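> Starting from these lines, generate the structure:
(one chain, ligands or ions: 1)
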Amino acid sequence: MDIVILGPPGVGKGTQAAAIATEFGLAHVATGDLFRDAARRNTMMGRQAREYMDRGELVPDHLAVAMLLERLSQKDAARGALLDGFPRTLEQAEALDEALATKGRRVEKALYLTAPRETLLNRVAGRWICKDCQATYHEVFNPPAVAGRCDACGGPLYQRPDDRRETAERRLDVYLEQTVPVVDYYRRRGGLVEVNGDQPIEAVQHDLHAALGPQQSSGEPAGR
Ligand code: AP5
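Below you'll find the model as predicted:
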C-alpha cells in the first residue's frame, strides 16, 4: 500500500505519519527530513536544498524527485510507503505515479489534513524536533516529559530555522500556490480523504484511522 499525506506546513503531517507508518507496516518517507539530513551531512544535494528551504521555497522538482526515488528504492519501502511532504507539485505527482506504475503500484489514498492559517503558524512557532530521531513535540500541545530532551531516544531538541514567522508565512503562500493543485489532482483521480487537522492530536489520529480502515493494518512495524 502506498499512501500520501498532504496539507499545509504545521498541520500535523509528520506527527500523524509516524504513527500510521508504524501501524500499517509502511516506510515513513518525509522529504523534508531527507533534505535536512542531507544538509546536515553537507552533501551537494543538501547544500543545494538548504538554499531553498531557508527561504521557505520548494526545492526544485528534479532534486525532490531524485531524492524520493532513491529513498523508495530502499528495502524497507518495498511493501509500500507513507509519503509525507511529497508530492508538492503536479510534476512531482506525475513522476510518483510513473515510478509506482513501473512496480505495479499506485497511490491508494491521499490523506488531506486542513487547519486555519493562525493555527498553523502557532503550531510551527512552538515546534521542537529531536536532532537524533526527528520525533516532533510542541511546547504547549505536545510537550516532552523533560524540557529539551526527546521522550523516545533522549536526544536534544531543536527549532527549525524555517519555522521563524516570516519564513513560515512564505511556506504557507508557496503551499497555496504550488501544492493545492496537487490536492485537486488526487480529488479528480479518486482516493482523496479530507480530515480536519484542527482538533487534538488523538482526534485527528482517530479520523485518519477511520479513513484508512483497520482491515488494512499489518500490525508489523515499518522496515520489516
Ligand atoms: P517539510 O519538512 O515537509 O515541512 P512542511 O510541509 O512545511 O511541514 P511541517 O514539517 O512544517 O509540518 P507538519 O505538517 O509535518 O506538522 P508537524 O507534525 O511537525 O518541508 C520543509 C521544506 O523542505 C520545504 O519548505 C521545502 O523547502 C523542502 N521540501 C520538502 N519536501 C519537498 C518536496 N517534495 N518538494 C520540494 N521541496 C520540498 O506538527 C507541527 C507542530 O504542531 C508540532 O509542534 C506538533 O507537535 C504540533 N501538532 C501536530 N498536530 C497537532 C494537533 N492536532 N494539535 C496541536 N498541535 C499539533
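> quick one: the most centrally placed residue in the chain and the ligand, what's the gap?
If you average the C-alpha coordinates of the chain and look for the closest C-alpha using Cα atoms, centre = their mean, you land on residue 84, 2.5 Å from that point. Going from residue 84 to the ligand by Cβ to the nearest ligand atom, to the nearest Å gives 7 Å. All C-beta atoms are positioned from the backbone trio N, CA, C, and that covers glycine.
> give the contact list for that residue.
Residue 84 makes contact with 5, 13, 14, 17, 28, 29, 30, 31, 32 under the criterion Cβ atoms under 8 Å, 6 or more residues apart in numbering.
> Relative to residue 200, how far out is the last one?
Between residue 32 and residue 200 the computed distance is 23 Å (Cβ to Cβ, to the nearest Å).
> So between the two, which is more surrounded?
In this view residue 32 and residue 200 are compared by other Cβ atoms under 10 Å, and residue 32 has more residues nearby, 20 against 10.
> Break down this protein into its strands, ranges please.
Listed in chain order, the strands of the chain (DSSP state E) span 2-6, 27-30, 81-84, 107-114, 127-130, 136-138, 157-158, 192-196.
> Could I get these in CSV, plus columns for mean pLDDT?
As requested, the strands of the chain are exported to CSV (pLDDT from 0 to 100):
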stretch, mean pLDDT
strand 2-6, 97
strand 27-30, 97
strand 81-84, 98
strand 107-114, 97
strand 127-130, 95
strand 136-138, 94
strand 157-158, 96
strand 192-196, 97
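> most tightly surrounded among the ones you listed?
Mean neighbours per residue, mean count of other Cβ atoms under 10 Å, is largest over these for strand 81-84, with a mean of 27.
> ok, back up a step: closest to residue 151 out of the strands of the chain?
Go through the strands of the chain one by one with Cβ to Cβ and the one that ends up closest to residue 151 is strand 136-138, at 7.9 Å.
> So the closest one, near the ligand or not?
Yes: interface with the ligand: strand 136-138 contributes 136, 137, 138 (Cβ under 6 Å from any ligand atom).
> And for stretch 198-205?
Yes: contact check for stretch 198-205 against the ligand, using Cβ under 6 Å from any ligand atom: residues in range are 199, 200, 201, 204.
> Switch those over to JSON lines; also include pLDDT.
Compiled in JSON lines, these are given as follows (pLDDT from 0 to 100):
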{"residue": "199", "pLDDT": "97"}
{"residue": "200", "pLDDT": "96"}
{"residue": "201", "pLDDT": "95"}
{"residue": "204", "pLDDT": "97"}
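> Among those residues, which one has the most neighbours?
Using other Cβ under 10 Å as the contact criterion, the top neighbour count among the residues of stretch 198-205 next to the ligand goes to residue 204, which has 20 neighbours.
> For residue 189, grab the count of nearby residues.
13.
> swap in residue 100?
Neighbouring residues of residue 100 were enumerated by other Cβ under 10 Å; the total is 17.
> So it is in contact with residue 3, correct?
No: counting by Cβ atoms under 8 Å, no contact exists between residue 100 and residue 3, whose distance comes to 11.4 Å.
> Give me the nearest residue to the closest residue to the ligand within the chain, chain neighbours excluded.
Here the chain gets closest to the ligand at one residue, residue 32, 1.9 Å apart by Cβ to the nearest ligand atom. Leaving aside its sequence neighbours, residue 32 sits nearest to residue 85 (Cβ to Cβ, 6 or more residues apart in numbering; 4.8 Å).
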